[in-house]
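**Q** got a sequence here, can you build the structure:
(chains A and B)
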Amino acid sequence: MISLAGVTRAFRDGDRQVPVLRGVDLEVAAGEITAVVGGSGSGKSTLLYVAGGLDAGFGGEVTVAGLRLRGLGPARLAALRNEKVGFVFQAFNLVSGLPALDNVILPGLLRRGAAEPRAALRARGQEALARVGLADKAHLDPARLSGGERQRVAIARALLARPAVLLADEPTGNLDAVTGATVISLFEELARGGAAVLVVTHEERVSCAAGRVLTLRDGRLS
Amino acid sequence: MSGRGLLALALASLRAAPGAAVVDAVASALGAAALVLFVGLGLGVGDAARRMFPADDRLVEVVPGPSALSGLLGGGRLDEAARARLAALPGVQAAWPRQNLQVPVAAPEAPRGLEAAWAPGMTLQIPVVGIDPGLVAADTRPGVSFADPTGDGPIPVFLSRRLLEIYDKTIAPTWGVPGLPRGFDPVGLELPVRLGVSIVPSRSERLVLDSRVKLAGLSDRVPLYAMAVPLDTVRRLHALYRRSDPGYGQVTLLAARPDDVPAIAAAARRMGFGVDASERSAAERVGTVVAVTTSALAVLALLMSALAALAIARSRAASVAARARDLALLQALGASPGDLRAVVLLEAALLGGAGGLAGVALGRLAGLAGDLAWRRLLPDFPYRPETFFHFPGWLLAAGLLVAAGAAVLGALGPADAAARVDPARTLS
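**A** Residues are numbered from 1 along each chain as shown, chains lettered A, B, ... in the order given. Have a look, this model is predicted:
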């Protein structure tokens, strides 16, 4: 589902290029949870954004859900993210001004081509919110949700979109133990449904749930 | 992205910062209101001016040429032969002659039913001009005859439409008599006249005839200063009073198209005749003043719309900067840079559209308020309009479209900035 081969990524700092990824090779299969750990600034988030088609400035080869990302234009990359990839971030998972339910159905609203009827989409969104225990918070603005609730709304969004690939960036970083465990169990549920889950984290409780834990150090995975 | 997705995101963005949205909409509303109000004022004043100075852009008024040149050029006198030559000019559809009556006509008493509107003891000397019935055919009601009467029937007359307004607003107050009743239709009114009578005793004729004139209609094509009767009536009276043929005082040419008028006027001048452009010039001068003033006000309103666009540009730019993480998240969820550009432009269009709607309503309300104020402040005068504003449908649509268009133009830069948000950097 996710395949990275010899992936490099560098950023410009003044006149010099600072390499962040120095030839990363990674395979994540369907139904597998893979955790990537590493120190702060090691490039974990960059790895995630490259794998999710959010950062197109990489070298090497990246294939997601059978699609090679190199050379894809912004519109094709956007369609890939919309249809095949789900993201869960440590924070800023929800669009302000949109109630929780509308945030859940956003991928459906953003979809190109034949759109699912809005009523059906909202019904599925409500169902997804119920699965993460937030059925009664559907109409609340993100500002009125706790950190854990926002995280669960983001996961409900992933449940609704049924992505082939779920990419999570420090998903439990701001959560208490109970809420964090809930989030991890939802990841496991998505993996059981066939999603390839790649989590970057520095938390042991997440890496413990992963089938495989890789360490990113000096721009390489080991 | 689907249309409903765009709309949902645009509305969400506006809901997230309602204060800025209201300010932007108010700016758009002021621009639209100014446009609707100013252009509506220009159009309304233009309408009033056209009623005051009616000018048919297909008419050419030919008058006798300067006597000094007429002999040299073989032209100058307007008679039937000259009328026929003028009628044969390219582009001329009709040539209607008019001839001044050389016999004095006086009205010693009021029309029946309008005695109150007549100054006591007054005898009115009335200039009379004979016109070709074709000149007023369009203003002649069905069933009404405008032809020299046979027997003792009243002489049909036409009056200038403007004369009634001037009588009502200027003459009647000066005489201290009541004006014409509201909704009064004067057509059919009869006035006793004495043919051959002048208020200057030495100018009166030996032969004095009592007669009547009957108003057959009102027209902008007859002179303001005279009573128009059929040309055949003038010819008959000239024969009766043994007057030699004075020729025509004027021949009105009807051009096939307004564009033909300059060539026809030039040809008439080459034939040795004069062209009386005073009415047309007055109308054109008024039209020019109104057009220039309206244009200046419209430019001012467009400047206000441009300022609204600038305000929206600043506000949307600030909004895009504040929402960078939201925009990056949307990209993560599948929005393309083009989608983000479209969302920001739609936000602006919604603000401009809402502001435009409010502005159009505001402009119309301001027009109503202006009319109310002027009705109270301005004295009555001829052709004072009921309203100084005219708000045609296209103007209201233009107010809305200009407001929305200016808002969208103002949002082009911020929309581009939204499309350039780097999701990886912003979400890190």
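
**Q** residues from the stretch 301-428 of chain B in reach of chain A?
**A** Within the stretch 301-428 of chain B, the positions lying close to chain A (C-beta under 8 Å from any C-beta of the partner chain) are B:323, B:325-326, B:328-339, B:423-424, B:427-428. Heads up, the C-betas are built off the backbone N, CA and C, glycines and all.

**Q** which ones among those are found in strands?
**A** Counting by DSSP state E, no part of those is found in strands.

**Q** residue of the stretch 251-400 of chain B closest to chain A, please.
**A** B:G334 (2.4 Å; C-beta to the nearest C-beta).

**Q** low-scoring pLDDT stretches of chain A, where are they?
**A** For chain A, the stretches with pLDDT under 70 are A:114.

**Q** where do the helices sit along it?
**A** A:44-51, A:74-84, A:100-104, A:106-110, A:118-131, A:147-161, A:177-192, A:204-209 (DSSP state H).

**Q** just to revisit the earlier point, which non-adjacent residue is nearest the residue of the stretch 251-400 of chain B closest to chain A?
**A** Distances taken as C-beta to C-beta, 6 or more residues apart in numbering or on different chains put A:N82 closest to B:G334, at 2.4 Å, once the chain neighbours are dropped.

**Q** show me where the stretch 151-300 of chain B has helices.
**A** Ranges of helices in the stretch 151-300 of chain B, per DSSP state H, counting those that start in this stretch, are B:161-166, B:172-175, B:231-240, B:261-270, B:278-322.

**Q** what helices or strands is the last one leaning on?
**A** It stands for helix B:278-322. helix B:18-52, strand B:59-63, helix B:337-377, helix B:393-410, helix B:412-419 (3 or more C-beta pairs under 8 Å, 6 or more residues apart in numbering or on different chains; DSSP states H and E).

**Q** any chance of JSON lines for those, columns distance to B:M227?
**A** Listed next are the helices and strands packed on helix B:278-322 as JSON lines, based on distance: least, C-beta to C-beta, whole Å:
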{"stretch": "helix B:18-52", "distance to B:M227": "21"}
{"stretch": "strand B:59-63", "distance to B:M227": "19"}
{"stretch": "helix B:337-377", "distance to B:M227": "33"}
{"stretch": "helix B:393-410", "distance to B:M227": "41"}
{"stretch": "helix B:412-419", "distance to B:M227": "65"}
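
**Q** to A:P19, which of these lies closest?
**A** Closest to A:P19 of those, according to C-beta to C-beta: helix B:337-377, at 26.9 Å.

**Q** leaving aside the residues next to it on the chain, what's closest to residue 51?
**A** No chain in the question, so chain A it is. Closest residue to A:A51 apart from its sequence neighbours, by C-beta to C-beta, 6+ apart: A:I2 at 5.6 Å.

**Q** my question was about chain B
**A** Distances taken as C-beta to C-beta, 6+ apart put B:Y383 closest to B:R51, at 5.5 Å, once the chain neighbours are dropped.

**Q** so the closest residue to B:S204 other than its chain neighbours versus B:D276, what's the distance?
**A** Distance criterion C-beta to C-beta, 6+ apart; nearest residue to B:S204, sequence neighbours excluded, is B:S198 at 4.7 Å. Relative to B:D276, B:S198 is positioned 27 Å away (C-beta to C-beta, to the nearest Å).

**Q** do B:V26 as well
**A** Noted for B:V26: a distance of 53 Å to B:D276, by C-beta to C-beta.

**Q** higher neighbour count, those two?
**A** B:V26 (17 against 14; other C-beta atoms under 10 Å in any protein chain shown).

**Q** just the pLDDT for the nearest residue to that one once chain neighbours are set aside.
**A** Beyond its immediate neighbours in the sequence, the residue positioned closest to B:V26 (C-beta to C-beta, 6+ apart) is B:G355, lying 6.7 Å away. In this model, B:G355 is scored at 94, pLDDT.
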